[in-house]
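Chemist: Got a predicted structure here, sequence first:
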Amino acid sequence: MITKKVDVFGLYIYATDTTGDDKLLHAANILAEYIDDDEDGIPDNPKIFKALIEGRGAIVMRKTDRERIAGRHPEGQGLYDEETVPNAKAQGRFDASLEEVLHMVTDVGWAGAYPSVFGREPGTEISNALDKARGGRFEVVPQRYPDDAWFTYYDETCDYDCQNSEYIYWVLTSILGAQDFPGRYEQIKDEWRLNTRKKVQQGDPAAYELFTNPKFKLPTVPPDGKYRAKTFTIQKYP
């Protein structure tokens, strides 16, 4: 059951008693860094932050995907203790909190603040870039993507909206350098080919221009789980 929470700028990360306190606090720091990239204690983009608050963005943590949360509990983006890995890059691993926390920020915040740009339905700016990356507009996952596609996610449970969220994650984290470490390309190449900033800039210029446009004030450095502007504390839930 959910027994604890952390407040990050008025947004909450909830966790079961089986979730390690260190993992919960790490996720809180990751969330803070996505919101406040320069770590001055103030959200970088007030419009995105407003959308996050109004959309009641939240993260719900549990130990593993096999754990079932008993009783009524808050809704939010899922994140598992076992996939949350502080200092992951130094271990040659990937910290899934960089992905799952970002999904909440982009799905609720970016899309809420800029629906014609980051909305996940067909026809938005990010969707048009997605269609190019997949080699066409596919409402359902095709049996085979075109040979010139560079984003080829074959999970049939991932609809167009989901594919968009995954694409946003790949583009941003690649631009930030979070996917650029030994062995990572081999791990992800079946799904995503442009794992560095330079590759995105050269291979997906439409997305690169969008994600580096200063008017959106999107993150410019990858979160490391060491937010400097505040020390977070764990509170009891409820």
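Modeler: Arrived safely. Residues are numbered from 1 along each chain as shown.
Chemist: how close does Gly225 sit to Glu39?
Modeler: For Gly225, the distance to Glu39 equals 12 Å [C-beta to C-beta, to the nearest Å]. Where C-beta positions appear, they are placed from N, C-alpha and C, glycine not excepted.
Chemist: Who has more neighbours out of those two?
Modeler: The residue with more neighbours, out of Gly225 and Glu39, is Gly225; 21 against 16, by other C-beta atoms under 10 Å.
Chemist: show me what contacts the more buried one?
Modeler: Residues near Gly225 by C-beta atoms under 8 Å, 6 or more residues apart in numbering: 26, 29-30, 33, 86-87, 95, 97.
Chemist: go on, Asp147?
Modeler: Gly135.
Chemist: where does it land on pLDDT?
Modeler: Note for Asp147: predicted pLDDT of 97.
Chemist: Check this protein and tell me which residue is nearest its centre.
Modeler: Leu102 (2.0 Å; C-alpha atoms, centre = their mean).
Chemist: Please tell me the pLDDT value assigned to His73.
Modeler: For His73, the predicted pLDDT is 86.
Chemist: and the nearest residue to it once chain neighbours are set aside, bridged to which residues?
Modeler: Distances taken as C-beta to C-beta, 6 or more residues apart in numbering place Ile2 nearest to His73, at 4.6 Å, with adjacent residues excluded. For Ile2, the beta-bridge assignment (DSSP bridges) gives partners Thr16.
Chemist: again with the one 10 residues further on
Modeler: Per DSSP bridges, residues listed as beta-bridge partners of Tyr12: Asp7, Ala58.
Chemist: can I get the CA coordinates of the lengthiest helix in the chain in CSV?
Modeler: As assigned by DSSP state H, the longest helix anywhere in the chain is helix 160-176. This file holds the C-alpha atoms of helix 160-176, laid out as CSV (Å, rounded to 0.1, in the frame of the first residue of the first chain):
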residue,chain,number,x,y,z
TYR,A,160,-0.2,6.5,-31.4
ASP,A,161,-0.3,8.6,-28.2
CYS,A,162,2.1,6.2,-26.5
GLN,A,163,4.4,6.2,-29.5
ASN,A,164,4.5,9.9,-29.3
SER,A,165,5.5,9.9,-25.6
GLU,A,166,8.2,7.4,-26.3
TYR,A,167,9.6,9.4,-29.2
ILE,A,168,9.7,12.6,-27.1
TYR,A,169,11.7,10.7,-24.4
TRP,A,170,14.2,9.4,-26.9
VAL,A,171,14.7,12.7,-28.6
LEU,A,172,15.2,14.8,-25.4
THR,A,173,17.4,12.3,-23.6
SER,A,174,19.5,11.8,-26.7
ILE,A,175,20.0,15.5,-27.1
LEU,A,176,20.9,15.8,-23.4
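Chemist: helices or strands up against that helix?
Modeler: Under the contact criterion of 3 or more C-beta pairs under 8 Å, 6 or more residues apart in numbering; DSSP states H and E, helix 160-176 touches helix 97-104, helix 125-134, helix 197-203, helix 205-211.
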